[in-house]
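A.B. asks: Structure, please.
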Amino acid sequence: MKTKFNGPFSDEEQFKGTLLAFLSEILKSLDRKETCSSGYYDSADVKQMLNISDRTLHRLRKSKAVPYMRIGRKIFYPKSFFSGEPYGGPEKREG
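C.D. replies: Sure thing, here's the model as predicted:
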């Protein structure tokens, strides 16, 4: 017995096909390491790189010794700061 499919897709097969294509794209991007090639490290990466604790990293942020930006509850640090490249700071939006 087939149940009625409610949603933005015309049928269940179309939904499955779209979902499969979406998941395939996610897997491809993970294989290409696109997520790791961004210009920022997260806190775990910085702590591991510098071999420091959570509290030490917090003190560095508080004393403004390392630049960072917060997105929601997650904190990111520019890779250029740790690689010796000049750091220009986050881009400012007009408005």
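
A.B. asks: got the residue ranges for the helices in the chain?
C.D. replies: For the chain, the helices defined by DSSP state H cover 12-31, 43-50, 54-62, 79-83.

A.B. asks: To residue 68, which of those helices lies closest?
C.D. replies: Ranking those by their distance to residue 68 (criterion: Cβ to Cβ) puts helix 54-62 first, at 5.5 Å. For the C-beta atoms, the positions are set from N, CA and C on the backbone; glycine is no exception.

A.B. asks: Which positions within that closest one qualify as buried?
C.D. replies: Neighbour counts over helix 54-62 (16 or more other Cβ atoms under 10 Å) mark 57, 60-61 as buried.

A.B. asks: Could you name the helices and strands sitting against it?
C.D. replies: Judged by 3 or more Cβ pairs under 8 Å, 6 or more residues apart in numbering; DSSP states H and E, helix 54-62 is in contact with helix 43-50.

A.B. asks: quick one: contacts of the helix it packs on?
C.D. replies: For helix 43-50, the external contacting residues (Cβ atoms under 8 Å, 6 or more residues apart in numbering) are 41, 52-54, 57, 66, 74-75, 77, 82.

A.B. asks: With pLDDT and distance to residue 17 added, can I get the buried residues of helix 54-62 in a markdown table?
C.D. replies: Output for the buried residues of helix 54-62, formatted as a markdown table (pLDDT from 0 to 100; distance: Cβ to Cβ, whole Å):
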| residue | pLDDT | distance to residue 17 |
| --- | --- | --- |
| 57 | 95 | 45 |
| 60 | 94 | 49 |
| 61 | 94 | 46 |
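
A.B. asks: which helices and strands sit right next to the lowest-mean-pLDDT helix or strand in the chain?
C.D. replies: Within the chain, judged by mean pLDDT, DSSP states H and E, the helix or strand with the poorest mean is helix 12-31; its value is a mean of 80. Helix 12-31 is packed against no helix or strand, with contacts defined by 3+ Cβ pairs under 8 Å, 6+ apart.

A.B. asks: and residue 78, bridged to which residues?
C.D. replies: Beta bridges link residue 78 to residue 40, judged by DSSP bridges.

A.B. asks: where does this structure dip in pLDDT?
C.D. replies: 1-10, 29-37, 84-95 (pLDDT under 70).
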